[in-house]
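> Give me a 3D structure for the following:
(one chain, ligands or ions: 1)
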Amino acid sequence: MPEIKKYKCALCKKEYVRSSVKAEDYFPFCSERCRLMDLGSWLKEEYVTSRPLKEEELVELANAEGEEKEE
Ligand SMILES: [Zn+2]
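The predicted structure follows:
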């Protein structure tokens with residue numbers, strides 16, 4: 001039996017189970033939805049509080065966040 005670990009989503013605080021580490025793992029979020037919402041919210045904030053970002057700058061920011069992968 002693999003060990004089942006519970007994690008708390010960084011966005012919605014819901015507890016979720018990580019049964020295996022897969023490519024589509026959204027850690028530290030429970031789902032892709034939460035991951036995208038979190039990323040989107042701070043990118044949008046950055047966008048409205050400063051100059052518009054170029055596309056390549058957005059990519060750099062996403063990479064700096066650590067968990068981003070190409071789709
Ligand atoms: Zn969540």
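
> Report pLDDT for Glu70.
Glu70 carries a pLDDT value of 61.

> er, Ser50 I mean
pLDDT at Ser50 comes out at 61.

> Near Leu39, how many residues? Count them for me, please.
Look at Leu39: counted by other Cβ atoms under 10 Å, it has 18 neighbours. Just so you know, the C-beta spots here come from the backbone N, C-alpha and C atoms, and that holds for glycine as well.

> Then Tyr7?
Residues near Tyr7, counting by other Cβ under 10 Å: 14.

> where does it land in three-state SS?
Assigned state for Tyr7: strand (three-state reduction, DSSP: H, G, I helix; E, B strand; the rest coil).

> Isn't it up against Ser19?
No. Tyr7 lies out of contact with Ser19 (Cβ atoms under 8 Å); the separation is 11.1 Å.

> residue contacts, Trp42?
Contact analysis of Trp42 by Cβ atoms under 8 Å, 6 or more residues apart in numbering lists nothing.
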